[in-house]
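S.K.: what follows is a protein structure lacking sequence information:
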């Protein structure tokens, strides 16, 4: 069986930067370290950090229990109100927000102040989108589907609109939804904020799936970008399988395929990818 691993599989720049910062703080052992939400959507990394004493909090208020705790803001970013709270309370924190996400915060904040309505193309429940909403001064709307785009309207038809995207959103879907909104006649400024790493990963995965008999997508169950990769690959290759670790291969029969493609989401550690690759090579 021919096996091909996507070059872009695994940690992106923003995720690696955030994870490295937490490991570095844990190794220094200068006091308790916590992350505001799971540092990434991969339970194996979270469990490993927990073994090193890093714990997860769901709100900045929880970090007040120990004044010596260092809070790490994950790559997804947080709302402006959260940053303001940490600074006001004098809580020590490390901001590991991905620079690409930071740029979105600056964009929506700037245009909100200028009176624009802000549309975020993405999944409303995703922490990155929730954080971005918190920089729109209450002027933000989240749209994920064509139906939601069709239903979008402004009470003031003369109000200008700034459209941005979740950094890991499907690029083709983003363009389709922007087109729907554009037909409504509003004065729209569309800013493609999908990061280059995501576009490259999605494009490479689609091409790899198209020339493979079977496809493996490795990622955490809570990883939005990994599930988007799965959808993209499934559209090109019917025999696409989503797995979290090498252990999941036991429930999949790959021996009948002559070519296998492998890719992984932005929150999948390299060691897990290598374990899967080596196991497939033994088939």
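M.R.: Now that the structure is in, tell me what you want to look at. Predicted model, so just to flag it, every value in this text is computed and none were measured.
S.K.: so how far is residue 197 from the nearest residue to residue 159 once chain neighbours are set aside?
M.R.: Of all residues not flanking residue 159 in the chain, residue 117 sits nearest, at 5.3 Å (CB to CB, 6 or more residues apart in numbering). In this view, the C-beta of every residue, glycine as well, is placed from N, C-alpha and C. From residue 117 across to residue 197, the span is 29 Å (CB to CB, to the nearest Å).
S.K.: residue 211 now?
M.R.: For residue 211 relative to residue 197 (CB to CB), the value is 22 Å.
S.K.: which one's more surrounded, those two?
M.R.: residue 197 (20 against 13; other CB atoms under 10 Å).
S.K.: tell me the contacts of the more buried one?
M.R.: For residue 197, the residues meeting the contact criterion (CB atoms under 8 Å, 6 or more residues apart in numbering) are 8, 12, 13, 14, 266.
S.K.: same thing but 6 Å
M.R.: residue 12 (CB atoms under 6 Å, 6 or more residues apart in numbering).
S.K.: and it, that's in a helix?
M.R.: Yes: counting by DSSP: H, G, I helix; E, B strand; the rest coil, residue 197 is found in a helix.
S.K.: after the worst-scoring helix or strand of the chain on mean pLDDT, which helix or strand is next? Please name it.
M.R.: Sorting the helices and strands of the chain by mean pLDDT, DSSP states H and E puts helix 43-51 at the bottom, at a mean of 90. Remark: after helix 43-51, the chain's next helix or strand is strand 54-57, criterion DSSP states H and E.
S.K.: who's in contact with the following helix or strand past that following strand?
M.R.: Downstream of strand 54-57, the next assigned helix or strand under DSSP H and E is strand 70-73. Contacts to strand 70-73, defined as CB under 6 Å, 6+ apart, come from residues 22, 25, 33-36, 63, 91-97.
S.K.: weed out the non-buried ones from those.
M.R.: 22, 25, 33, 34, 35, 36, 63, 91, 93, 96, 97 (16 or more other CB atoms under 10 Å).
S.K.: right, and the fifth one touches residue 56 too?
M.R.: Yes: under the criterion of CB atoms under 6 Å, residue 35 lies in contact with residue 56, with a separation of 5.5 Å.
S.K.: cross the buried ones among the contacts of strand 70-73 against strands and list the overlap.
M.R.: When the buried ones among the contacts of strand 70-73 are checked against strands (DSSP state E), the matches are 33, 34, 35, 36, 93.
S.K.: quick one, what contacts the third one?
M.R.: Pointing back at residue 35 there. 56, 72, 74.
S.K.: neighbour-wise, which of those residues leads?
M.R.: In the contacts of residue 35, the most neighbours by other CB under 10 Å go to residue 74, 28 neighbours.
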